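Colleague: Sequence first, predicted coordinates after that:
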Amino acid sequence: MYLAKKMFKDLIEGLAKRRDDQRRVRLLVHRSPWHVDGRDPGRDCYFITATNVAERDEVEITSVWFESEPRRFVERRQRRLPAKLLPGETWETWIEVEKLPEGARDEAHELARVRLATGTVLTPERA
């Protein structure tokens, strides 16, 4: 009986932590051309933007990926992880659309994922 109570308590605490993490970070995904310079027509990319909307707490992003088959991690030398965000800070990365599996390209807004150091996996808000 004690073990069941402890497991239930741990489950409730985990759900509360996940809810709190989701309230602390706003995750948005948008598709746009990325222009290297003014002459470049631009590469079609998905941009993943995470904003720490907490008043006092910092958050740490440990990984970013698209939940496709196969799973596509977003790893950029220019945007190394882990990334710590102070309150009000925004962090952004991107992936070229062509690097996603063809079947996931039109659904990428729903397939983006961000893992925080707490273990919480965030999904993007609907625009």
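Modeller: It's in. Numbers count the residues shown, from 1 in each chain.

Colleague: List the beta-bridge partners for the nearest residue to Thr123 once chain neighbours are set aside.
Modeller: Nearest-residue entry for Thr123: Arg113, 6.4 Å, with adjacent residues in sequence omitted and distances by C-beta to C-beta, 6 or more residues apart in numbering. Yep, even glycine has a C-beta here, placed from its N, CA and C like the rest. Arg113 has the following beta-bridge partners by DSSP bridges: Trp65.

Colleague: Next one: Val25 from Glu55, what distance?
Modeller: Distance, Val25 to Glu55, using C-beta to C-beta, to the nearest Å: 13 Å.

Colleague: same thing with Arg76?
Modeller: Arg76 sits 29 Å away from Glu55 when distances are taken as C-beta to C-beta.

Colleague: Please identify which of the two sits among more neighbours.
Modeller: Counting neighbours by other C-beta atoms under 10 Å for Arg76 and for Glu55 shows that Arg76 has the greater number, 11 against 8.

Colleague: what's the helix or strand for the residue lying closest to the more buried one once chain neighbours are set aside?
Modeller: On the basis of C-beta to C-beta, 6+ apart, the spatially nearest residue to Arg76 that is not a chain neighbour turns out to be Thr93, at 5.5 Å. Here Thr93, judged by DSSP states H and E, is contained in strand 90-96.

Colleague: which parts of that strand are buried?
Modeller: Buried positions in strand 90-96, judged by neighbour count with 16 or more other C-beta atoms under 10 Å: Trp91, Thr93, Trp94, Ile95.
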